[in-house]
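>>> Got a predicted structure plus its sequence, pasted below:
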Amino acid sequence: MHLLALTKPPSILLSLFSSLVWKMPAADRSVYLTFDDGPHPVSTRYVLDLLLQHGAKATFFCLGKNVAAHPDIFQRILSEGHAVGNHSHSHPDGWSTPAGQYVADVGKAAALIPSGLFRPPYGRITPTQVRELKKEYKIVMWSVLSKDYDAAIPTAEVIRNVTANISPGAIVVFHDHEKTKERLPLYLPQVLNFLKEENYVTGVL
């Protein structure tokens, strides 16, 4: 379960962790689609094919262990002009992992993921972990959580979570992993069509 049960982060959380990136400047119609937990041999390939079809860009927050398992897909992400970020090596829960161990796990992923961006798994991170990781990374959170990781949430609600809450500068979270491989075709094309209809432009972080 993610730290944020709400689709949009509450203001108190934005205030407590104001040094983290929750949204990008809203100077134009750009929005920022992000995908967590890949690369995955089915989900990530599908996402890349669809983004190519729509002429859209995204940022992929990858797990080091999955980059090691699927280096060809990781290289495709880069070669097609998308951005990548570090999502740790083994997806630890920051609230239950000692800071030294947590930072070491991120460092292990860094050997495989050349990026100055980091997103904490589950959105769970402690002030000590933030302090250590900010020495090397821009820590990216989100402004819109699709909740696509929860199979109990209907597809229509996943779509509505995005379309009803998106605005210029929004950072939107999706997942390209095992749990979403069957569901991605049900919601992602509709979201991309909505963005096009509303004249949004997809950017990379």
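The structure has been received and is ready for your questions. Numbering: from 1, shown residues only.

>>> contact partners of stretch 66-82?
37-41, 44-45, 48, 51-52, 57-60, 62, 84, 109, 112-113, 204 (C-beta atoms under 8 Å, 6 or more residues apart in numbering). Where C-beta positions appear, they are placed from N, C-alpha and C, glycine not excepted.

>>> 6 Å - rerun?
By C-beta atoms under 6 Å, 6 or more residues apart in numbering, the surrounding residues in contact with stretch 66-82 are 38-39, 44, 57-58, 60, 112-113.

>>> who's residue 140 bridged to?
Note on residue 140: beta-bridge partners residue 21, judged by DSSP bridges.

>>> wouldn't it be in contact with residue 119 here?
Yes. Judged on C-beta atoms under 6 Å, residue 140 makes contact with residue 119 at a distance of 5.1 Å.

>>> And the furthest pair within the contacts of stretch 66-82?
Maximum pairwise distance among the contacts of stretch 66-82 (C-beta to C-beta): 21.6 Å, between 57 and 112.

>>> Which neighbours in the sheet does the strand of greatest length in the chain have, and how are they oriented?
Across the chain, the strand with the greatest residue count (assigned by DSSP state E) is strand 30-36. Applying DSSP bridges to the sheet, strand 30-36 is found paired with strand 59-62 (parallel), strand 171-175 (parallel), strand 201-202 (parallel).

>>> quick one: residue 175 and residue 119, what's the gap?
Look at residue 175 and residue 119: by C-beta to C-beta, to the nearest Å, they are 12 Å apart.

>>> ok, now residue 68?
For residue 68, the distance to residue 119 - C-beta to C-beta - is 19 Å.

>>> Show the residue spans covered by the strands in this protein.
Counting by DSSP E, one finds strands in the chain at the ranges 30-36, 59-62, 83-86, 117-118, 138-139, 144-145, 171-175, 201-202.

>>> Quick check on residue 68 and residue 119: which one has the bigger neighbour count.
Set residue 68 next to residue 119 and count neighbours by other C-beta atoms under 10 Å: residue 119 wins out with 26 against 15.

>>> so what's that one closest to, chain neighbours aside?
Leaving aside its chain neighbours, residue 119 sits nearest to residue 61 (4.4 Å; criterion: C-beta to C-beta, 6 or more residues apart in numbering).

>>> So that neighbour sits against residue 86, correct?
No. Applying C-beta under 6 Å as the test, residue 61 and residue 86 come out as separate, 7.2 Å apart.

>>> For the two, work out which one has more neighbours and name it.
Taking other C-beta under 10 Å, residue 61 and residue 86 do not tie; residue 86 has more neighbours (30 against 27).

>>> Hmm, residue 114 and the more buried one touching each other?
No. The pair residue 86 and residue 114 does not pass the contact test of C-beta under 6 Å, sitting 9.2 Å apart.

>>> Now the lengthiest helix in the chain - C-alpha only, PDB.
Of all the segments assigned as helix in the chain under DSSP state H, the longest by residue count is helix 184-197. Extracted in PDB, the C-alpha atoms of helix 184-197 (Å, rounded to 0.1, in the frame of the first residue of the first chain):
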ATOM      1  CA  LEU A 184      -2.600  -1.300 -18.700                       C
ATOM      2  CA  PRO A 185      -4.400  -1.600 -22.000                       C
ATOM      3  CA  LEU A 186      -7.700  -0.900 -20.300                       C
ATOM      4  CA  TYR A 187      -6.800   2.500 -18.900                       C
ATOM      5  CA  LEU A 188      -3.600   3.900 -20.400                       C
ATOM      6  CA  PRO A 189      -4.800   4.500 -24.000                       C
ATOM      7  CA  GLN A 190      -7.800   6.300 -22.600                       C
ATOM      8  CA  VAL A 191      -5.600   8.500 -20.400                       C
ATOM      9  CA  LEU A 192      -3.400   9.400 -23.400                       C
ATOM     10  CA  ASN A 193      -6.400  10.100 -25.600                       C
ATOM     11  CA  PHE A 194      -7.700  12.400 -22.800                       C
ATOM     12  CA  LEU A 195      -4.400  14.300 -22.600                       C
ATOM     13  CA  LYS A 196      -4.400  14.800 -26.400                       C
ATOM     14  CA  GLU A 197      -8.000  16.100 -26.400                       C
END
